[in-house]
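Participant: this is a predicted model, with the sequence first.
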Amino acid sequence: MKSAFRKISRVGSLTGGTKWYLSTDCLLAAKCTMYVVEYRRFYLRDLESIMVWPSRSWLPRLIIPGVLFGALGAGLWQWADSTAGAIFTGIAAAWVLLELVLGPTAGSRIRATGITVDLPLVKRTRRARKVLAAIDAAVRASRDVIVQPVVPMPSEQTAGVSVQTNSTASAPPSIADASQTIGL
């Protein structure tokens, strides 16, 4: 039997991580911590917003290892062995280049009816657009309601009986545009 859930994102950590699954009616987060799995379900009709932003830890993550490996490499080059210095300097340059290519790490917040949860949705902000587009498409599909206009049916009227129609009949309530509910 094929599962109705499809994996849309995975954010790993040293002690586990969070995997995100999407179905036709809900968004599911499976947060693993060592040997414990905690599931959180967010119904698509209840989602108010999903925010993803670049985290502040990206610059220290870029600078500190680059400076430490670079200083170690320069020190080894100067006082010990130029080969070991070149290796550590190369590691520093590769680290900085890799962090620049991957882009900033991301923080995220999910707001649904009555709850706000800070769970990592994506590891890097460059992937956020793709994941949010998948969630947005699912939200639009779940909120797509066919609204049929109210058309008065012609009825047989007898002479002398008049039928009054209410010209200010209220239209069915509109559904908010899903693009306003999921922010980037």
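Facilitator: That came through fine.

Participant: drop to CA atoms for contacts and neighbour counts, all remaining ones
Facilitator: Noted.

Participant: how near is Ser13 to Val117?
Facilitator: Using CA to CA, to the nearest Å, we find Ser13 at a distance of 18 Å from Val117.

Participant: Gln78 now?
Facilitator: Distance, Gln78 to Val117, using CA to CA: 51 Å.

Participant: got the domain boundaries for this protein?
Facilitator: In the assignment given by automatic domain parsing, the structural domains of the chain cover 6-55+104-143, 58-102.

Participant: show me how far the longest one is from its chain's centre.
Facilitator: Between the mean C-alpha location of domain 6-55+104-143 and the chain-wide mean there is a distance of 5 Å, by CA atoms, centre = their mean, to the nearest Å.

Participant: so that it lines up with my notes, have the first residue be 881 from now on.
Facilitator: Renumbered: residue one is now 881, and that last one reads domain 886-935+984-1023.

Participant: pLDDT of that domain, averaged?
Facilitator: When pLDDT is averaged over domain 886-935+984-1023, the result is 88.

Participant: and it, end to end?
Facilitator: 19 Å.

Participant: same check on the shortest one?
Facilitator: One end of domain 938-982 sits 10 Å from the other (CA to CA).

Participant: the domains of the chain into TSV, with extra columns for mean neighbour count?
Facilitator: Rendered in TSV, the data for the domains of the chain read as follows (neighbours: other CA atoms under 10 Å):
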stretch	mean neighbour count
domain 886-935+984-1023	17
domain 938-982	16
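
Participant: just the terminal-to-terminal distance for stretch 898-916.
Facilitator: The first and last residues of stretch 898-916 sit 12 Å apart, counting by CA to CA.

Participant: give me the residues contacting it.
Facilitator: Outside of stretch 898-916, the residues within contact range by CA atoms under 8 Å, 6 or more residues apart in numbering are 884-892, 895-897, 917-925, 1000-1001, 1015, 1018, 1021-1022.

Participant: ok, the residue nearest to Trp900 when sequence neighbours are not counted to Trp975 distance?
Facilitator: Using CA to CA, 6 or more residues apart in numbering and skipping residues adjacent in sequence, the residue nearest Trp900 is Ala909, 4.6 Å away. Relative to Trp975, Ala909 is positioned 31 Å away (CA to CA).

Participant: ok, now Arg941?
Facilitator: Looking at Arg941 against Trp975, where the rule is CA to CA, the gap reads 10 Å.

Participant: Thr969 now?
Facilitator: As defined by CA to CA, Thr969 lies at a distance of 10 Å from Trp975.
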